[in-house]
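Q: only geometry, no sequence info:
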């Protein structure tokens, strides 16, 4: 079993829709959770991170962690074609905080 | 403030050859982590360097080695290249501090193709 599971998609939605991206993880000891956005053939860009359970909002983006179900989510409001990218969830492991990643979900926003 | 830079952008090597990839960390960052990302997959942790010492290693064979220099730039060396080494190699820099999540900031990557 992978430590972080993520549906690779693709997920295609119309412009303006609310997007929900999700991951599950296996180890209840994980505490920090990140969402990265990666455009084609580029490096990942840190969008948001959260610690433990709860919500965190930044503009059109909301990150949510539910530790009881080991479930993390990223919501994108008023989605734009420029949001089309691969979204990767990650968590940290070990004293060096190495990142453990999901496979990434490819998101397509249709104009 | 300059971001993380990597060189070269793309290279093609033959199976059995050796390759060196380079990374310059973001200004003020003293930790560099390397990741391998195969096509359509999430990145996999290779190793991390902190203040010129290896600070953790993922499940990669010894033919993957690295260095960090006094200016915190870093190199990833891969010997005896195999076809499965074809991937995007990502470098990330960070500045661990008390209470920090070790936020990591990535360069654009080096795309390695092994034929």
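A: The structure has been received and is ready for your questions. Because the structure is a prediction, the values reported are computed rather than measured. Numbering: from 1, shown residues only, chains lettered A, B, ... in the order given.
Q: Check chain B and tell me which residue is nearest its centre.
A: With distances taken as C-alpha atoms, centre = their mean, residue B:34 lies nearest the centre of chain B, 2.9 Å away.
Q: Give me the pLDDT value at the nearest residue to residue B:106 once chain neighbours are set aside.
A: Excluding its sequence neighbours, the residue lying closest to residue B:106 (C-beta to C-beta, 6 or more residues apart in numbering or on different chains) is residue A:43, at 3.8 Å. Backbone N, C-alpha and C define where each C-beta goes, glycine included. The score at residue A:43 is 94. That number is its pLDDT.
Q: wait, does stretch A:7-16 contact chain B?
A: Yes. Contact of stretch A:7-16 with chain B (C-beta under 8 Å from any C-beta of the partner chain) involves residue A:8.
Q: Same question for that stretch: list its buried residues.
A: Buried residues in stretch A:7-16, defined by neighbour count with 16 or more other C-beta atoms under 10 Å in any protein chain shown: residue A:13.
Q: Would you mind listing what in chain B touches chain A?
A: Near chain A, when you scan chain B using C-beta under 8 Å from any C-beta, you find B:4, B:6, B:33, B:35, B:40-45, B:48, B:50, B:55-56, B:58, B:88, B:90, B:92, B:94, B:96, B:101-109, B:111.
Q: in the chain, what spans have low per-residue confidence?
A: In the absence of a named chain, this looks at chain A. For chain A, no stretch is flagged by pLDDT under 70.
Q: my bad, the chain I had in mind was chain B
A: Along chain B, segments meeting pLDDT under 70 span B:1-2, B:97-102.
Q: Bridging across strands, which residues link to the residue nearest to the centre of chain B?
A: Residue B:34 has these beta-bridge partners by DSSP bridges: residue B:47, residue B:91.
Q: cool, residue B:7 as well?
A: residue B:22.
Q: wouldn't it be in contact with residue B:20 here?
A: No. In this structure, residue B:7 is not within contact of residue B:20 by C-beta atoms under 8 Å, at 9.9 Å.
Q: Grab the nearest non-local neighbour of residue A:47.
A: Once flanking residues are discounted, residue A:47 sits nearest to residue A:35: 4.6 Å by C-beta to C-beta, 6+ apart.
Q: Looks like the one you found contacts residue A:49 (just checking).
A: Yes. Counting by C-beta under 8 Å, residue A:49 is a contact partner of residue A:35 at 7.4 Å.
Q: Settle it for me: which of these two has more neighbours?
A: Higher neighbour count among residue A:35 and residue A:49: residue A:35, with 24 against 19, using other C-beta atoms under 10 Å in any protein chain shown.
Q: Of the residues of chain B next to chain A, which belong to helices?
A: In helices, judged by DSSP state H, none of the residues of chain B next to chain A are found.
Q: What's the PyMOL syntax to select whichever of the residues you listed are buried?
A: Selection command for PyMOL covering only the buried members of the residues of chain B next to chain A, criterion 16+ other C-beta under 10 Å:
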select buried, chain B and resi 4+6+33+35+41+42+43+44+45+48+50+55+56+58+88+90+92+94+96+101+102+103+104+105+106+107+108+109+111
